[in-house]
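*Asks:* Structural data only, the sequence is not supplied:
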């Protein structure tokens, strides 16, 4: 893949991830707002391998003011527990962007030929 194409694809993937993040923030259940604030785009780059990973994450670095603990319950909200029904926000956000993701992946495959 040519460098200009790599840059363009990386930019489009970042834009897609930001849109998924914003969608998830709009639909996540809110009590204190800590989980919503924890939803973020993360980019991991390895220049030596010319690889960039982009993802959308929830939880971790935000402290919940009620519990005074780091937000460690994103998975419990997303998938539910034996005491709580699932309230999917990440999967819904990804699903809402499925067409964009397919179009982007198709473009990458076609342009790499």
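*Replies:* Everything's here; your move. Nothing here was measured: the structure is a model prediction, and the numbers come from that model.

*Asks:* which residues in the protein form strands?
*Replies:* In the chain, strands defined by DSSP state E lie at 40-46, 51-57, listed in chain order.

*Asks:* who does the first one pair up with?
*Replies:* If I follow you right, that is strand 40-46. Counting by DSSP bridges, the strands paired with strand 40-46 are strand 51-57 (antiparallel).

*Asks:* For the strand it pairs with, which outside residues touch it?
*Replies:* For strand 51-57, the external contacting residues (C-beta atoms under 8 Å, 6 or more residues apart in numbering) are 10, 13-14, 17, 20-21, 24, 38-46, 90, 93-94. C-beta here means a position set from N, CA and C on the backbone, and glycine is covered the same way.

*Asks:* Are any of those buried, and if so which?
*Replies:* Among these, those classed as buried by 16 or more other C-beta atoms under 10 Å are 13, 17, 20, 21, 24, 38, 39, 40, 41, 90, 93, 94.

*Asks:* which one is the last one nearest to, not counting chain neighbours?
*Replies:* Distances taken as C-beta to C-beta, 6 or more residues apart in numbering put residue 20 closest to residue 94, at 5.9 Å, once the chain neighbours are dropped.

*Asks:* try the first one
*Replies:* Ranked by C-beta to C-beta, 6+ apart and with sequence neighbours excluded, the top spatial neighbour of residue 13 is residue 54, at 5.0 Å.

*Asks:* before we move on, what about residue 59?
*Replies:* residue 74 (3.6 Å).
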